[in-house]
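>>> Sequence and predicted model, in that order:
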Amino acid sequence: MSTFTRTFLEETVSIVEKLDHDEIERVATGLAAVRERGGRLFILGVGGSAGHAGHAVNDFRKICLFEAYAPTDNVAELTARVNDEGWDTTFSEWLKGSRLSERDALLVFSVGGGNREKNVSVNLVRALELAVELGAAVFGIVGRDGGFTAEAATACVVIPPLNPDRITPHTEGLCAVVWHLLVSHPLLQVEGTKWESVL
C-alpha cells in the first residue's frame, strides 16, 4: 500500500471512529417520523453534494418508500431560476413551488453547511430559513463546523474535520456512507436491495 493511500484510509478510519452515533440515530428517528406523518423529503446539495442528492433520492424512494426529491435533478427548472432570479433563491423558490410545509423535511448535504457572511452556499441558507419559517424539519450531513445547516437543524451529523487539507474529500466520501447507513437503518428500510437477493 502506498504511503498516501495508507494515510488517507487511516484518516478515514479515524473520522469514522469519531462520528456521533447518537446524532445519526436522531436523524434516522426524525426522518422516520416525517415519513410516518406522510411528509416529503427534499434533499439539497451543491456541486458534488448535488450528485449525492440525486443518488440519495433514488435510495430513499426505492429502499425506504419515502417520497423524496432533489431540486438539482430538474436541470431545466434549476437553470431557469438561476438565469431569471439568481442563484441565491434557486432552492427556496423551488421549495415554495413544491409547497414545502411543516409535514415535510429538508436533508442537506454540504461540506460547509452554508454561510451567509462568507457568501458560501447562500442558496442553502435561504432554503433553510424558509424551512424553519414554515416549521419543516431540517436534517444535515455536513463537514467543518456544520455552518448554518447545523444551526438550523433538528438533527445534524457533522463529519469531524480531522485533517484540514482534506476536509472536502472526507466529508463528501463519508456523507455517502452515512446516507447509505440511513437507508439501511431498520427504522427506514422497507425494501431489500438487489444484490443481497442474488445467489
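Received, thanks. Bear in mind the structure is a predicted one, so any value in this text is a computation, not a measurement.

>>> Run through this protein and note the low-pLDDT ranges.
For the chain, applying pLDDT under 70 flags the ranges 1.

>>> Which residue ranges of it form helices?
Listed in chain order, the helices of the chain (DSSP state H) span 3-17, 21-36, 48-64, 75-85, 90-97, 122-134, 147-152, 167-184.

>>> separation between Trp58 and Ile24?
No Trp there; residue 58 is Asn. 21 Å (CB to CB, to the nearest Å). C-beta coordinates here come from the backbone N, C-alpha and C atoms, glycine included.

>>> returning to that earlier point: adding distance to Leu106 and mean neighbour count, write the helices of the chain out as JSON lines.
Shown next, in JSON lines, are the helices of the chain (distance: least, CB to CB, whole Å; neighbours: other CB atoms under 10 Å):
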{"stretch": "helix 3-17", "distance to Leu106": "24", "mean neighbour count": "12"}
{"stretch": "helix 21-36", "distance to Leu106": "10", "mean neighbour count": "17"}
{"stretch": "helix 48-64", "distance to Leu106": "11", "mean neighbour count": "19"}
{"stretch": "helix 75-85", "distance to Leu106": "16", "mean neighbour count": "12"}
{"stretch": "helix 90-97", "distance to Leu106": "8", "mean neighbour count": "21"}
{"stretch": "helix 122-134", "distance to Leu106": "5", "mean neighbour count": "22"}
{"stretch": "helix 147-152", "distance to Leu106": "9", "mean neighbour count": "24"}
{"stretch": "helix 167-184", "distance to Leu106": "14", "mean neighbour count": "19"}
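
>>> Those: which one's closest to Pro161?
Among those, helix 167-184 comes nearest to Pro161, with 4.7 Å by CB to CB.

>>> other SSEs contacting the closest one?
On a contact count with 3 or more CB pairs under 8 Å, 6 or more residues apart in numbering; DSSP states H and E, helix 167-184 meets helix 3-17, helix 21-36, helix 48-64, strand 137-142.

>>> quick revisit: the helices of the chain: which one's closest to Ile141?
Proximity to Ile141 (CB to CB) singles out helix 167-184 among those, at 4.7 Å.

>>> when you compare where the closest one runs with where strand 137-142 runs, what's the angle?
Helix 167-184 runs at 130 degrees relative to strand 137-142, counting by axes from the mean of the first three to the mean of the last three CA atoms, to 10 degrees.

>>> Only alpha carbons, please: show helix 167-184 as CSV.
Only the C-alpha atoms of helix 167-184 are listed here, as CSV (Å, rounded to 0.1, in the frame of the first residue of the first chain):
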residue,chain,number,x,y,z
ILE,A,167,-12.0,18.3,4.6
THR,A,168,-13.9,18.1,1.3
PRO,A,169,-13.0,14.6,0.1
HIS,A,170,-13.5,13.1,3.6
THR,A,171,-16.8,15.0,4.1
GLU,A,172,-18.2,14.0,0.7
GLY,A,173,-17.0,10.4,1.0
LEU,A,174,-18.4,9.8,4.4
CYS,A,175,-21.7,11.7,3.6
ALA,A,176,-22.3,8.8,1.2
VAL,A,177,-21.5,6.3,4.0
VAL,A,178,-23.9,8.0,6.4
TRP,A,179,-26.8,8.2,4.0
HIS,A,180,-26.3,4.6,3.0
LEU,A,181,-26.4,3.8,6.7
LEU,A,182,-29.7,5.7,6.9
VAL,A,183,-31.4,3.9,4.0
SER,A,184,-30.3,0.6,5.6
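
>>> Cheers, nothing more for now.
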